[in-house]
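K.L.:
here is a sequence with its predicted model. Questions after.
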Amino acid sequence: MTFLDDKLPEASKAFTDMRSAIFRNNSLDLKVKELIAVSSAVLMRCEKCVKIHSERAKENGATEEEIAEAIAVAMFIACGSQLHWTDAYETIFEGFD
């Protein structure tokens, strides 16, 4: 975030403050929050984020199997979200016999 630090220091601080407010033990512990972040990063297609949050999940007690399951959940959601396009797909093929 060097460019934010240099060009928009208030935005950089706000981002850091938001992370600090969210990534702490509250109702959800850090391991769970990092696993959610792994799944979210997969869906956002941010490879760097997946790596960072997987490492942080491990640091907070997540196993490789738990990280794999978090990734699999994201993959399932991504696949399932395409099922709602069924109507659009059927429209494309109207008139074909």
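P.N.:
On my side now, so go ahead.
K.L.:
could I have the CA atoms of the longest helix seen in the chain written out in CSV?
P.N.:
Ordering each helix of the chain by length in residues (DSSP state H) puts helix 64-81 first. Taking C-alpha atoms only, helix 64-81 is exported to CSV below (Å, rounded to 0.1, in the frame of the first residue of the first chain):
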residue,chain,number,x,y,z
GLU,A,64,-4.4,-27.4,5.9
GLU,A,65,-7.6,-29.3,5.8
GLU,A,66,-9.6,-26.4,7.2
ILE,A,67,-8.0,-24.0,4.7
ALA,A,68,-8.8,-26.5,1.9
GLU,A,69,-12.4,-26.7,3.0
ALA,A,70,-12.6,-22.9,3.1
ILE,A,71,-11.4,-22.8,-0.5
ALA,A,72,-13.8,-25.6,-1.5
VAL,A,73,-16.8,-23.7,0.0
ALA,A,74,-15.8,-20.7,-2.2
MET,A,75,-15.5,-22.9,-5.2
PHE,A,76,-19.0,-24.3,-4.5
ILE,A,77,-20.5,-20.8,-4.2
ALA,A,78,-18.9,-19.7,-7.4
CYS,A,79,-20.3,-22.8,-9.2
GLY,A,80,-23.7,-22.5,-7.7
SER,A,81,-24.0,-18.9,-8.6
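K.L.:
not counting sequence-adjacent ones, nearest residue to S39?
P.N.:
A74 (4.1 Å; CB to CB, 6 or more residues apart in numbering). All C-beta atoms are positioned from the backbone trio N, CA, C, and that covers glycine.
K.L.:
gap between the one helix or strand in the chain whose mean pLDDT sits lowest and the chain center?
P.N.:
Lowest on mean pLDDT, DSSP states H and E among the helices and strands of the chain sits helix 86-92, with a mean of 79. Relative to the chain's own centre, helix 86-92 is displaced by 29 Å; criterion: CA atoms, centre = their mean, to the nearest Å.
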